[in-house]
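1. Predicted coordinates and the sequence they were generated for:
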Amino acid sequence: MPGFFSGILDKFRSPPRTPATFLAAFGKHPGWNDHMDDLGLQSGQLIELRRLLYVQGISGNVDSGAWEALGPEQRLDAFRHLMLWRSGNSIVLARLWSSSDGKGRRKYPMIVAAQADHLPAQWLIETAGPILGRLEGEFAAATDATEVRAGMDRARTELAALVAKNPPAPAGEATGPLATLAARPELNPDHRGLCILLYHLERDLAPFLKGARTQGGAPRHMRVPACADSAAAALTLWARFFEMQLDASTMMLLFAPLDGSWVDLIVGEPSPTQFFCMRAGPNVLPLATDIPYNLDASFVARVEQMLQAGQA
């Protein structure tokens, strides 16, 4: 399991650089008659996020009719997600919800996104997550663009002040993510779901794992059970797990529906096809842990030995 064992080297990374944060909004809002003005796109990462997520991913699936082709029982009723994106030294947390423009067109969401450079994903989720949630409530009730601009300015100042006043220290976790997952009932008491998850990683995501001889390739998607009581907690858990498994150069996106029980992982630079998962229900895209792999006994024994040795 190259991703897991190579993760030990993370302890020896060089000290983090000066933290930086950015806050942006884009998409649809009644204060604009079409796509709203892009607010706060002041970093290359946020500009790239808008291109990948909104222009390419969401627009690609809207224009192709991929989501509309799903039956009501197959499709999520609305956009309502938390998303975490890792690219290089930057982490972006975004919140999406169904919205409309001033003419009542509702095919696109509104998105608010907080970027953190040289800051841990857990800090961004725990600190910026509540701010983004509050902005959703404010902007869903607002009808004027001026209110949205003012709300963004206040939140941007608040986020910057939190970093300056209380810079995050490296988090010391009492339990590693693999041990946490092993204890979750969603992955079965005999660890079968966990074994399938690790097997799936080695089988289908091998080029993106730490220690892989050849890095990269075509983007991949997998769906995993949330294994947490909230979307924010699920993102925190799975971000920690996949950061241990995936090479640091791998682009990683995690989507957690706020009303769902799963998390979608996309690795590599995505095409519109990978973003199809955002509105596809579990009867369309099943969990990777439900795939009926015929697991080799030696592989199962290797996972059990790793857990018993406390290497999780």
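-> Everything's here; your move. Numbers count the residues shown, from 1 in each chain.

2. for the residue lying closest to I47 once chain neighbours are set aside, phi and psi?
-> Leaving aside its chain neighbours, I47 sits nearest to L41 (5.2 Å; criterion: C-beta to C-beta, 6 or more residues apart in numbering). All C-beta spots, glycine's among them, are computed from the backbone N, C-alpha and C. Main-chain dihedrals, L41, degrees, to the nearest 10: phi -80, psi 80.

3. Could you do L84 as well?
-> phi -120, psi 130.

4. residues near it, how many?
-> 25 (other C-beta atoms under 10 Å).

5. Regarding stretch 55-63, how distant is the last residue from the first?
-> Its start and end residues considered, stretch 55-63 measures 11 Å (C-alpha to C-alpha, to the nearest Å).

6. what sits up against it?
-> 67, 107-109, 270-272, 274-276, 278-279 (C-beta atoms under 8 Å, 6 or more residues apart in numbering).

7. now G31, nearest residue through space, not along the chain?
-> G31's closest residue in space is A145 (C-beta to C-beta, 6+ apart), at 3.4 Å.

8. Let me see the contact set for that neighbour.
-> Contacts of A145 (C-beta under 8 Å, 6+ apart): 29, 31-32, 36-37.

9. and those as a markdown table, adding distance to G60 and pLDDT?
-> As requested, these are exported to a markdown table (distance: C-beta to C-beta, whole Å; pLDDT from 0 to 100):
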| residue | distance to G60 | pLDDT |
| --- | --- | --- |
| H29 | 21 | 98 |
| G31 | 25 | 97 |
| W32 | 22 | 98 |
| M36 | 19 | 97 |
| D37 | 22 | 96 |
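
10. Turn those into CSV, including secondary structure, distance to G102 and neighbour count.
-> Shown next, in CSV, are the contacts of A145 (DSSP: H, G, I helix; E, B strand; the rest coil; distance: C-beta to C-beta, whole Å; neighbours: other C-beta atoms under 10 Å):
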residue, secondary structure, distance to G102, neighbour count
H29, coil, 8, 26
G31, coil, 7, 18
W32, coil, 6, 15
M36, coil, 10, 23
D37, coil, 13, 14
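
11. Check which element follows the one helix or strand A164 maps to along the chain.
-> A164 belongs to helix 145-165 when elements are defined using DSSP states H and E. As assigned by DSSP H and E, the chain's next helix or strand after helix 145-165 is helix 177-182.

12. Show me which positions of that next one end up buried.
-> 177-178, 180-182 (16 or more other C-beta atoms under 10 Å).

13. any idea of the mean pLDDT in it?
-> Taken as a whole, helix 177-182 has a mean pLDDT of 90.

14. Give the other helices and strands that the very next helix or strand once past it contacts.
-> Next helix or strand after helix 177-182 toward the C-terminus (DSSP H and E): helix 192-204. Judged by 3 or more C-beta pairs under 8 Å, 6 or more residues apart in numbering; DSSP states H and E, helix 192-204 is in contact with helix 177-182, strand 220-225, helix 297-308.
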